[in-house]
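[1] coords please:
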Amino acid sequence: MGWGVNALDALHIACAERAGATVLITTDAAMEKIMRHHSDTIPLRIVNPAVWYEEVTENESDDPA
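    Numbers count the residues shown, from 1 in each chain. As a prediction, the model looks like this:
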């Protein structure tokens with residue numbers, strides 16, 4: 001919360017980290033921006049669902065199977 005993330009967002013981030021998630025998908029642009037600024041501090045990637053979907057579907061087209 002010291003970075004400017006509200007309490008509920010901080011809880012979501014903490015739970016995702018504790019669960020071992022590597023990506024947290026959110027439509028909260030403010031949280032995403034704050035956390036992107038601190039990306040070197042946490043192992044969790046915060047990403048918009050549209051961006052994540054594009055990345056995932058792009059990777060599927062690279063799969064020869």
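
[2] I'd like the distance between Pro43 and Leu24.
    Pro43 sits 11 Å away from Leu24, going by Cβ to Cβ, to the nearest Å. The C-beta positions use only the backbone N, C-alpha and C, and glycine is treated the same way.

[3] out of the two, which sits in the busier spot?
    Leu24 (22 against 9; other Cβ atoms under 10 Å).

[4] correct me, but that one touches Ala14?
    No: contact between Leu24 and Ala14 fails when scored by Cβ atoms under 8 Å: they sit 10.5 Å apart.

[5] Least confident secondary structure element in this protein?
    Using mean pLDDT, DSSP states H and E, helix 49-62 stands out as the lowest-scoring helix or strand of the chain, at a mean of 83.

[6] Which elements pack onto that one?
    Judged by 3 or more Cβ pairs under 8 Å, 6 or more residues apart in numbering; DSSP states H and E, helix 49-62 is in contact with strand 23-25.

[7] After the strand it packs on, which helix or strand is next?
    For strand 23-25, the following helix or strand on the C-terminal side (DSSP states H and E) is helix 29-37.

[8] packing partners for that next one?
    Applying 3+ Cβ pairs under 8 Å, 6+ apart, one finds that helix 29-37 contacts strand 45-47.

[9] who does the strand it packs on touch, helix- and strand-wise?
    Right, strand 45-47 is packed against strand 23-25, helix 29-37 by 3+ Cβ pairs under 8 Å, 6+ apart.

[10] which outside residues touch that strand?
    In this structure, residues lying in contact with strand 45-47 by Cβ atoms under 8 Å, 6 or more residues apart in numbering are Ile13, Thr22, Val23, Leu24, Ile25, Thr26, Met31, Glu32, Met35, Arg36, Ser39, Glu55.

[11] Turn the residues you listed into JSON lines, including distance to Val5.
    Output for the contacts of strand 45-47, formatted as JSON lines (distance: Cβ to Cβ, whole Å):
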{"residue": "Ile13", "distance to Val5": "7"}
{"residue": "Thr22", "distance to Val5": "19"}
{"residue": "Val23", "distance to Val5": "17"}
{"residue": "Leu24", "distance to Val5": "12"}
{"residue": "Ile25", "distance to Val5": "16"}
{"residue": "Thr26", "distance to Val5": "11"}
{"residue": "Met31", "distance to Val5": "6"}
{"residue": "Glu32", "distance to Val5": "10"}
{"residue": "Met35", "distance to Val5": "7"}
{"residue": "Arg36", "distance to Val5": "12"}
{"residue": "Ser39", "distance to Val5": "13"}
{"residue": "Glu55", "distance to Val5": "23"}
